[in-house]
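Participant: Okay, structure incoming, though there's no sequence with it:
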Ligand SMILES: C[S@@+](CC[C@H](N)C(=O)[O-])C[C@H]1O[C@@H](n2cnc3c(N)ncnc32)[C@H](O)[C@@H]1O
């Protein structure tokens, strides 16, 4: 039921929105290189409109599977695949909480900004780890909990109680009120290229499910589940946003995990 709400939300909010390619690719390069992904099988868990699946595919992965619960987003991803004439990527509808893949079937698992939108982010992470091969790497970008998260959450939980037809107009009103503040701090230039402030507000304050974590909680979870942290970016998310932290971690091989 919760997943239905999330998929409907993304069908409306992100269906047409494809993050800027060059910026996304620059960010991807902070974590992976063509050499590292060459001949690898990749899962893009919660691929949205598919930008990172496309980047993996164009950078030389053998096979990329992008999954999402938003059919609208997946249809945009499919168009993007056709635009780039790619044959090494497939998009399919699937739930992060119950991945339809065998254990240890991917060399790389990428989940950018997704597990925190599920009903049970730890279950989503355990599913992503389950399908990852020993020796493979996982990348997670997750919303950071801060001292003011409770204020944002109070606003979001109030706003999502309003009727759905009011969400877009409300986002526009909030954007016009917030615009001077945002302009003042020159944040606008740093925000997602091609996306309007009202769309950012809709995405931030009207999403049905959102969880926030301290990096330490996720680090402990990953270590407990047999992963070694390889890279951590504390607050430098994509688009210069400080809302996410990112972990890249490697699943230990059996001999390493038993030693
Ligand atoms: C903020 S968007 C990120 C999309 C993409 N990873 C990107 O960075 O461009 C979050 C995505 O997670 C998807 N999502 C949320 N819950 C999901 C679930 N339980 N299973 C699969 N996808 C899910 C949403 O539909 C949405 O496309």
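Facilitator: Looks like it arrived, so ask away. These figures come from a predicted structure and were not determined experimentally.
Participant: hang on, residue 59 packs against residue 35?
Facilitator: No: Residue 59 lies out of contact with residue 35 (C-beta atoms under 8 Å); the separation is 9.8 Å. Using the backbone N, CA and C atoms, a C-beta is placed for each residue, glycine as well.
Participant: Look at these two and report which has more neighbours.
Facilitator: residue 59 (19 against 8; other C-beta atoms under 10 Å).
Participant: Give me the nearest residue to that one, chain neighbours excluded.
Facilitator: residue 34 (4.9 Å; C-beta to C-beta, 6 or more residues apart in numbering).
Participant: That neighbour against residue 58, yeah?
Facilitator: No: counting by C-beta under 8 Å, residue 58 is not a contact partner of residue 34; they are 9.4 Å apart.
Participant: So which of these two has more stuff around it?
Facilitator: residue 58 (16 against 12).
Participant: pLDDT at the more buried one, what is it?
Facilitator: Listed pLDDT for residue 58 reads 97.
Participant: which residues sit in contact with the nearest residue to it once chain neighbours are set aside?
Facilitator: Distances taken as C-beta to C-beta, 6+ apart put residue 84 closest to residue 58, at 6.5 Å, once the chain neighbours are dropped. Applying C-beta atoms under 8 Å, 6 or more residues apart in numbering to residue 84 gives the contacts 54, 57-58.
Participant: Skipping its backbone neighbours, what lies nearest the residue of the chain found nearest the ligand in space?
Facilitator: Nearest residue of the chain to the ligand, counting by C-beta to the nearest ligand atom: residue 48, 2.6 Å away. Closest residue in space to residue 48, ignoring its immediate chain neighbours: residue 73 at 4.8 Å, by C-beta to C-beta, 6+ apart.
Participant: Looking at that neighbour now. What's its pLDDT?
Facilitator: pLDDT for residue 73: 94.
Participant: Packing partners of the helix or strand encompassing it?
Facilitator: Following DSSP states H and E, one finds residue 73 within helix 71-83. Applying 3 or more C-beta pairs under 8 Å, 6 or more residues apart in numbering; DSSP states H and E, we find helix 71-83 packed against helix 2-13, helix 51-58, strand 63-68, strand 89-93.
Participant: now these in TSV, with distance to the ligand?
Facilitator: Formatted as TSV, the helices and strands packed on helix 71-83 follow (distance: least, C-beta to the nearest ligand atom, whole Å):
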stretch	distance to the ligand
helix 2-13	4
helix 51-58	5
strand 63-68	4
strand 89-93	8
